[in-house]
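> generate a structure from the sequence data that follows.
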Amino acid sequence: MELLNPACPLHGPGIDPSSLVGSRLIEVLASWHTYDGRPGDAPVEVWLIDDRGRSTNIASGTDWCLMVDSSRPDDGVGMGDWGRIDVLPVRDETPLAPHLGEVLLGVRQEWEPATGRVALELDFPSGSVRCESWSGDLRVLAVDRPAGPVTPMP
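Presented below is the predicted three-dimensional model:
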């Protein structure tokens, strides 16, 4: 659902992801909740580093919005008995890894009236990746889409 003012009530609008179209993805970092020495099944948040020197953070907000903003990755943090958050380069752990070195061709977003942005799809020459807030957690999924032209977001 497209809205005229899609800002998250708690976190604001973030950046316009269409500004990333045409940039090359050169690195992806992700934070992982590690407990008892075992990392979680999915990243807590991801950072896309492009050939223009930008770092774009994608994370699920406390109100279940999908936050997309410009920020640099941190070094992780210890959480005592609850484990720690580790920030590591992504290899094969997420569907973003196969697109390293590719140019972002287009983006699509989804919005909800109460929370703002809830999903972002990133289109690369070899496929698409969907980042979404799901029950307050970040999900990063490969998207099966028939081959065809990509229309960048206006």
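
> just for the protein, where's the confidence low?
Judged by pLDDT under 70, the chain has its weakly predicted residues at 1-6, 145-154.

> count the residues that sit near S135.
By other C-beta atoms under 10 Å, the residues close to S135 number 7. In this view, the C-beta of every residue, glycine as well, is placed from N, C-alpha and C.

> so it makes contact with W64?
Yes - shown here, S135 and W64 form a contact pair, counting by C-beta atoms under 8 Å, at 7.2 Å.

> which residues touch S128?
Counting by C-beta atoms under 8 Å, 6 or more residues apart in numbering, S128 touches E121, L122, A142, V143, R145.

> change it to 10 Å
95, 99, 105-108, 121-122, 141-145, 150 (C-beta atoms under 10 Å, 6 or more residues apart in numbering).

> can you confirm it is in a helix?
No - using DSSP: H, G, I helix; E, B strand; the rest coil, the assignment for S128 is strand, not a helix.

> measure it to P89 for me?
Going from S128 to P89 by C-beta to C-beta, to the nearest Å gives 22 Å.

> tell me which strands whichever strand in the chain runs longest pairs with, and in which orientation.
Scanning the chain for the longest strand, with DSSP state E as the assignment, gives strand 25-35. When pairing is defined by DSSP bridges, strand 25-35 lines up against strand 38-39 (antiparallel), strand 45-50 (antiparallel), strand 84-89 (antiparallel).

> what residues sit buried inside the helix or strand following the second one?
So that's strand 45-50. Sequence-wise, the next helix or strand downstream of strand 45-50 (DSSP states H and E) is strand 55-60. Buried positions in strand 55-60, judged by neighbour count with 16 or more other C-beta atoms under 10 Å: T56, N57, I58, A59, S60.

> hey, what's V129 bridged with?
Beta bridges link V129 to L122, A142, judged by DSSP bridges.

> does V103 have beta-bridge partners, and which?
Assessed by DSSP bridges, V103 has beta-bridge partners R24.

> mind checking how far it is from W134?
Between V103 and W134 the computed distance is 28 Å (C-beta to C-beta).

> could you do G127 as well?
Here G127 is placed at a distance of 20 Å from W134 (C-beta to C-beta).

> neighbours of the residue lying closest to D63 once chain neighbours are set aside, just the number please.
Sequence neighbours aside, L10 is the residue nearest to D63 in space, at 4.9 Å (criterion: C-beta to C-beta, 6 or more residues apart in numbering). For L10, the tally of surrounding residues (other C-beta under 10 Å) stands at 13.
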